[in-house]
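In: Structure here, sequence nowhere to be found:
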């Protein structure tokens, strides 16, 4: 009995001492609340800048980058810029985009969204062409609606302004407000860090040319497509290799430069590579 009493007394003392020690420990600092938004940035080098199947840099490389803000509520805004060619944007050398919108999360796999985007070309105007032209900018304002399910996305864009300056002053039968662009995009994961990228879209101009171009065509509308792969490396670095083309390359194959007498097939099938990082 004596031995048991001493054992019990020892255990009780240890328990009390342990409790006192814990009571004297400083309180752990509270964890910082998780931000309700994310900020990100990206910068890329591309061997050619294609927009809806058409080169924007006369087949030359481009440096691109942007910033994005996304709130947990689904609201987002951002800006993005790239160099472009003065051969295609008379007097200009830069595209600067501003966009925003709202994405609603239906479930973990499905979202719907609405958005707007302004394509802005500082200093560019048709009247700065070497041969002269109308006082008309290339700036364009679009709205869009989208639907995404897992690795498939669908989107329709609609131009609220003349489509990149196409109107009666620049050789078309009238205003091109109402030009639209439906597209389907696939980003299918093949394995860790490797993604199959596929895209198809259709640019429908609201008006055709008032007179045939040098290739005897008046309808600039076309389908474009892209296929390739992207590989995410460590620390957010991404490499990509893609092949693009259009269905109406004859319309664009002898496009004359605004800056000189050079011509180029802006809509021909071409491959290009990208390398960049998201922060």
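Out: Ah, there it is. Please read all numbers here as calculations on a predicted model, not as lab measurements.

In: Mind giving me the packing neighbours of the helix or strand hosting residue 225?
Out: Residue 225 belongs to strand 222-232 when assigned by DSSP states H and E. For strand 222-232, the packing partners by 3 or more Cβ pairs under 8 Å, 6 or more residues apart in numbering; DSSP states H and E come out as strand 194-203, strand 237-246. The way it works is simple: take the backbone N, C-alpha and C, and place the C-beta from them, glycine included.

In: okay, those strands in JSON lines with mean pLDDT, distance to residue 139 and mean neighbour count next?
Out: Converted to JSON lines, the helices and strands packed on strand 222-232 look like this (pLDDT from 0 to 100; distance: least, Cβ to Cβ, whole Å; neighbours: other Cβ atoms under 10 Å):
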{"stretch": "strand 194-203", "mean pLDDT": "98", "distance to residue 139": "17", "mean neighbour count": "17"}
{"stretch": "strand 237-246", "mean pLDDT": "97", "distance to residue 139": "23", "mean neighbour count": "17"}
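
In: Figure out which of those is closest to residue 182.
Out: For residue 182, the closest of those is strand 194-203, at 5.8 Å, according to Cβ to Cβ.

In: That closest one to strand 222-232, inter-axis angle?
Out: Per axes from the mean of the first three to the mean of the last three Cα atoms, to 10 degrees, the angle that strand 194-203 makes with strand 222-232 is 160 degrees.

In: List of residues touching strand 194-203?
Out: Applying Cβ atoms under 8 Å, 6 or more residues apart in numbering, the contact partners of strand 194-203 are 52-53, 179, 181-190, 220-232, 240, 242.

In: which of these are buried?
Out: Buried subset of those (neighbour count, 16 or more other Cβ atoms under 10 Å): 52-53, 179, 181, 183, 185, 220, 222, 224-226, 228, 230, 240, 242.

In: Please identify which pair of those residues lies farthest apart.
Out: 220 and 230 (29.8 Å).

In: shouldn't residue 103 be in contact with residue 110?
Out: No: under the criterion of Cβ atoms under 8 Å, residue 103 makes no contact with residue 110, lying 10.8 Å away.

In: ok, these two, which is more surrounded?
Out: Taking neighbours as other Cβ atoms under 10 Å, residue 103 and residue 110 compare with residue 103 leading, 17 against 12.

In: Quick check: closest non-adjacent residue to the more buried one.
Out: Spatial nearest neighbour of residue 103, chain neighbours left out: residue 113 (4.0 Å); criterion: Cβ to Cβ, 6 or more residues apart in numbering.

In: going on from the lowest-mean-pLDDT helix or strand in the chain, what's the next piece of helix or strand?
Out: Within the chain, no helix or strand scores below helix 2-24, which has a mean of 39 by mean pLDDT, DSSP states H and E. Where DSSP H and E defines the elements, the next helix or strand beyond helix 2-24 is strand 37-46.

In: which outside residues touch that next one?
Out: Residues from elsewhere that reach strand 37-46, judged by Cβ under 8 Å, 6+ apart: 61-72, 238, 272-279.

In: And the pLDDT for residue 192?
Out: Note for residue 192: predicted pLDDT of 89.

In: how much space between it and residue 239?
Out: 15 Å (Cβ to Cβ, to the nearest Å).

In: Go through the protein and flag its longest strand.
Out: Determined from DSSP state E, the single longest strand within the chain is strand 94-107.

In: For it, name the packing helices and strands.
Out: Where contact means 3+ Cβ pairs under 8 Å, 6+ apart, strand 94-107 is packed against strand 75-83, strand 110-120.
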